[in-house]
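Novice: sequence isn't available, so here's the structure alone:
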């Protein structure tokens, strides 16, 4: 329902209502809802912009689900100085995990190609 309200898919576009659905799904632990809610909070879509709250939702998805996009968005907020430097130790902790995942995905894709793998549709999703 959050995406349907966000994009107006089958019903009128309503960003505030999408925010409400994402907030509830994020509270229940849905990883993509945490990222979507973080994005809306970061950019002030359907609500006032709040980088600290956005960071908190990105962090939840990054830590609990090892969500790469969430890790990167959280790191950007830190890099841009939009959240407190008190959270830098957490960012340093995920740096290693993110690097390991990127290395794994890169090597998995290379192995797939070397094994005679084909087009986009069959390439591993990292």
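Specialist: Arrived safely, thanks for sending. These numbers were taken from a predicted model, which means no experiment stands behind them. Numbers count the residues shown, from 1 in each chain.
Novice: C-alpha only now, for contacts and for neighbours.
Specialist: Will do.
Novice: is it true that residue 83 touches residue 77?
Specialist: Yes: judged on Cα atoms under 8 Å, residue 83 makes contact with residue 77 at a distance of 6.3 Å.
Novice: touching both of the two, which residues are there?
Specialist: Shared contacts of residue 83 and residue 77, defined by Cα atoms under 8 Å, 6 or more residues apart in numbering, comprise 51, 55.
Novice: between the two, who's got more neighbours?
Specialist: residue 83 (21 against 18; other Cα atoms under 10 Å).
Novice: how near is the more buried one to residue 2?
Specialist: 26 Å (Cα to Cα, to the nearest Å).
Novice: swap in residue 72?
Specialist: Here the criterion is Cα to Cα. By it, residue 72 lies 23 Å from residue 2.
Novice: next, residue 59: phi, psi?
Specialist: Backbone torsions of residue 59, given as degrees, to the nearest 10, read phi -60, psi -40.
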